[in-house]
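J.: no sequence on this one, just coordinates:
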């Protein structure tokens with residue numbers, strides 16, 4: 001689902017004085033991604049490589065492109081024009097339970113609200129699909145601290161292992177009960 005105000009915002013920013021444009025907010029468009037582009041392949045390759053440096057191999061649960069190309073997974077990418085800012089996915093575990101997967105912000109776009117915008121979008125879609133609970137697994141290394149803080153701000157709490165995960169000193173699981181409208 002694309003952000004409908006994207007073109008309007010680009011036109012608005014282009015009418016601003018050049019000195020103001022450098023302070024303009026990044027326009028983020030969220031798209032369902034078919035994982036065929038080189039940009040997403042590169043971002044996910046960097047994600048897998050980074051995860052491998054932070055945790056032992058048997059505790060890295062990040063998915064590669066093939067594992068994300070299954071019917072129960074929807075992947076979204078966040079763009080500013082032609083520049084990929086980040087990605088995230090929603091994996092259905094059962095008709096009432098889903099998991100957030102493959103959250104990654106391009107290093108040069110961290111701190112700009114990309115992950116926050118994407119988590120909000122994923123939670124909105126999860127509610128629309130009727131999921132009652134959404135969970136995730138993430139690492140305990142200091143590099144994961146911003147992600148854990150973000151999930152806590154959205155109301156996620158730490159929980160026991162779910163699906164095929166095991167809790168180790170290198171990872172934690174978090175969950176959120178979704179209110180149904």
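T.: Yep, that arrived. Because the structure is predicted, anything quoted here is derived from the model rather than measured. Numbering: from 1, shown residues only.
J.: so what's residue 55 up against?
T.: By Cβ atoms under 8 Å, 6 or more residues apart in numbering, the contact set of residue 55 is 139, 141, 170-171. Just so you know, the C-beta spots here come from the backbone N, C-alpha and C atoms, and that holds for glycine as well.
J.: list only buried entries from the residues you listed.
T.: 139, 171 (16 or more other Cβ atoms under 10 Å).
J.: can you tell me which two in the contacts of residue 55 are farthest apart?
T.: Spatial extent of the contacts of residue 55 (Cβ to Cβ) is set by the pair 141 and 171 at 9.2 Å.
J.: gap between the two ends of stretch 155-163?
T.: 20 Å (Cα to Cα, to the nearest Å).
J.: mean confidence (pLDDT) on it, please.
T.: Average pLDDT, stretch 155-163: 97.
J.: cool, stretch 44-51 as well?
T.: So the average pLDDT for stretch 44-51 ends up being 92.
J.: quick one: residues in contact with it.
T.: The contact list for stretch 44-51, computed with Cβ under 8 Å, 6+ apart, reads 60, 62, 64-65, 68, 87, 102, 104, 107, 139, 143.
J.: figure out how far that stretch is from the centre of its chain.
T.: Its chain's average C-alpha position is 14 Å from that of stretch 44-51, according to Cα atoms, centre = their mean, to the nearest Å.
J.: kindly report the same for stretch 169-181.
T.: That offset, for stretch 169-181, works out to 14 Å (Cα atoms, centre = their mean).
J.: so which bits of it are buried?
T.: Buried residues in stretch 169-181 (16+ other Cβ under 10 Å): 171-176, 178.
J.: now do stretch 57-64
T.: 59-63.
J.: just checking, what packs against whichever strand or helix holds residue 85?
T.: For residue 85, the host element (DSSP states H and E) is strand 83-94. On a contact count with 3 or more Cβ pairs under 8 Å, 6 or more residues apart in numbering; DSSP states H and E, strand 83-94 meets helix 38-54, strand 73-80, strand 97-105, helix 114-128.
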